[in-house]
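Participant: no sequence on this one, just coordinates:
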């Protein structure tokens, strides 16, 4: 099954559509980071800042992100 082709990337004017699109893309990004971590056996983390939340979304947890970042 193929996905739809993205015709033109542009600013989404409708606020609710933009928020839904952002959340779907964020969910997909976090899933990819999880899969990369599992399949490659590496320590990975993701920090996503959102214009809709005051606090950033982190994966896998705040404690694990701090541990991984402190290594670098």
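Facilitator: Received the coordinates, thanks. This is a predicted model, so every value here is computed, not measured.

Participant: where exactly do the helices run in this structure?
Facilitator: Here the chain has its helices, by DSSP state H, at 15-40, 62-71.

Participant: who does the residue lying closest to residue 26 once chain neighbours are set aside form a beta bridge with?
Facilitator: Spatial nearest neighbour of residue 26, chain neighbours left out: residue 48 (5.5 Å); criterion: CB to CB, 6 or more residues apart in numbering. Heads up, the C-betas are built off the backbone N, CA and C, glycines and all. Per DSSP bridges, the residues bridged to residue 48 are residue 57.

Participant: ok, now which ones touch residue 48?
Facilitator: 26, 29, 30, 56, 57, 58 (CB atoms under 8 Å, 6 or more residues apart in numbering).

Participant: can you redo the helices of the chain as a markdown table with mean neighbour count, distance to residue 6 and mean pLDDT?
Facilitator: What follows is the helices of the chain, written out as a markdown table (neighbours: other CB atoms under 10 Å; distance: least, CB to CB, whole Å; pLDDT from 0 to 100):
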| stretch | mean neighbour count | distance to residue 6 | mean pLDDT |
| --- | --- | --- | --- |
| helix 15-40 | 12 | 11 | 95 |
| helix 62-71 | 11 | 30 | 94 |
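
Participant: okay, those helices in JSON lines with distance to residue 2 next?
Facilitator: Listed next are the helices of the chain as JSON lines, based on distance: least, CB to CB, whole Å:
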{"stretch": "helix 15-40", "distance to residue 2": "16"}
{"stretch": "helix 62-71", "distance to residue 2": "35"}
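
Participant: which of those sits closest to residue 4?
Facilitator: helix 15-40 (13.1 Å; CB to CB).

Participant: can you name every helix or strand that that closest one contacts?
Facilitator: strand 46-48, strand 57-59 (3 or more CB pairs under 8 Å, 6 or more residues apart in numbering; DSSP states H and E).

Participant: any chance of CSV for the ones you listed, columns distance to residue 66?
Facilitator: Shown next, in CSV, are the helices and strands packed on helix 15-40 (distance: least, CB to CB, whole Å):
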stretch, distance to residue 66
strand 46-48, 11
strand 57-59, 9
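
Participant: this completes my enquiry, with thanks.
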